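# quick one, structure for this:
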Amino acid sequence: MTVLPEKQMLFAALLGKLLVHITGTDGYGVTMAEGYVGDSINKISEDTPHLRRGLHFLRLAQDLCLWKDGVLQEGTEAHRPFGEWWELQHPACRWGGRWNDGGHYSVTHGGFA
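All right, here's what the predicted structure looks like:
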């Protein structure tokens, strides 16, 4: 699977499953953090071209805020059970906890995770 729209559709479907998985786990809830960055990326300086290629810009990444019993869970470890579950859903799924960004869930594209 190399065509971007196919990957975007895969990501959207898998993200939905992740949200259902998290909210179906006793005591857990989730809110959205950084997702698609849209046209705001155009305001970024040419000095930061790596951001133009970011997976959030390509609609292939979503950052999530995890809640347990109404308390925001900060840090990568809180996301571990969900991040590891995410990685098992498809070979292209990547969890940001592997680089200390626990709330980041993505699908790889063009060498980016």
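
# quick one: find the helix or strand in the protein with the lowest mean pLDDT.
Taking mean pLDDT, DSSP states H and E as the measure, the helix or strand of the chain with the lowest value is helix 49-52, at a mean of 48.

# what separates the biggest helix by length in the chain from the chain centre, distance-wise?
Criterion DSSP state H: the longest helix present in the chain is helix 4-23. How far helix 4-23 lies from its chain's middle: 9 Å, per Cα atoms, centre = their mean, to the nearest Å.

# buried residues, that helix. List them.
Neighbour counts over helix 4-23 (16 or more other Cβ atoms under 10 Å) mark 7-8, 10-11, 14-15, 18-19, 21-22 as buried. The way it works is simple: take the backbone N, C-alpha and C, and place the C-beta from them, glycine included.

# between the residues you listed, which is closest to residue 62?
Relative to residue 62, the closest of these is residue 15; by Cβ to Cβ it sits at 5.7 Å.

# what's the closest non-adjacent residue to that closest one?
Once flanking residues are discounted, residue 15 sits nearest to residue 62: 5.7 Å by Cβ to Cβ, 6 or more residues apart in numbering.

# quick one, phi psi at the one you found?
Phi and psi for residue 62, reported as degrees, to the nearest 10, are phi -140, psi 130.
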